[in-house]
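Trainee: Here is my input, please return the structure:
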Amino acid sequence: MHITGGCHCGAIRYQAEIDPERISICHCTDCQRLTGSAYRITAPARPDSLTLLSGEPRGYAKYGDSGGLSRQFFCPNCGSPLYRTDGEGGAIGIRVGSIDQRRELTPKKQIWCRSALAGVENIEHLPRFEGED
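Mentor: Next comes the predicted model:
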């Protein structure tokens, strides 16, 4: 699936080819800190398909909970998380929140569930509002 996306402030834009059947939710503690939320959702991109259309993301490398090296890329202006690569730069995981077509994408699995925060598994019982109450 062809996708486009970018950061919150609009400084960075990209396009890529993703596999919508491999979208996953990660509950690891690194992803919780990276997103400032309970989990992150990632869409794997086909190798060499990510093309930056504008802007230049910043990045840093860190060993994750799995023991593998992960390079995280984000907008230097607004701080929006955009994507990650593995240590060799081959595997690419695009942050679903940065994808323009995100409403068309559905996660297919959850990983690192042992780190999942209480209360995130079932939120159907919580009151719902169309906007901010």
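
Trainee: I'd assumed residue 118 was in a helix, is it?
Mentor: No - applying DSSP: H, G, I helix; E, B strand; the rest coil, one finds residue 118 to be coil, outside a helix.

Trainee: Go ahead and flag the most central residue of this protein.
Mentor: Centroid-nearest residue in the chain, with Cα atoms, centre = their mean: residue 95, separated by 2.0 Å.

Trainee: what's the closest non-adjacent residue to it?
Mentor: Nearest residue to residue 95, sequence neighbours excluded (Cβ to Cβ, 6 or more residues apart in numbering): residue 81, at 4.8 Å. C-beta: built from backbone N, CA, C; applies to glycine.

Trainee: For the lowest-mean-pLDDT helix or strand in the chain, which outside residues touch it?
Mentor: Counting by mean pLDDT, DSSP states H and E, the chain has its least confident helix or strand at helix 29-35, which shows a mean of 90. Under the contact criterion Cβ atoms under 8 Å, 6 or more residues apart in numbering, helix 29-35 has outside partners 38-40, 62, 64-65, 70, 72, 81, 112, 115, 117.

Trainee: Specify which member of those is nearest to residue 20.
Mentor: For the contacts of helix 29-35, the residue nearest residue 20 by Cβ to Cβ is residue 40; the value is 16.7 Å.

Trainee: Skipping adjacent residues, who's closest to that closest one in space?
Mentor: residue 31 (4.1 Å).

Trainee: quick revisit: how about the contacts of helix 29-35 in TSV, adding pLDDT, distance to residue 24 and neighbour count?
Mentor: Shown next, in TSV, are the contacts of helix 29-35 (pLDDT from 0 to 100; distance: Cβ to Cβ, whole Å; neighbours: other Cβ atoms under 10 Å):
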residue	pLDDT	distance to residue 24	neighbour count
38	93	14	17
39	93	10	21
40	94	9	23
62	89	19	11
64	78	14	18
65	72	14	14
70	89	14	20
72	94	16	20
81	95	15	22
112	92	10	19
115	92	14	16
117	93	17	12
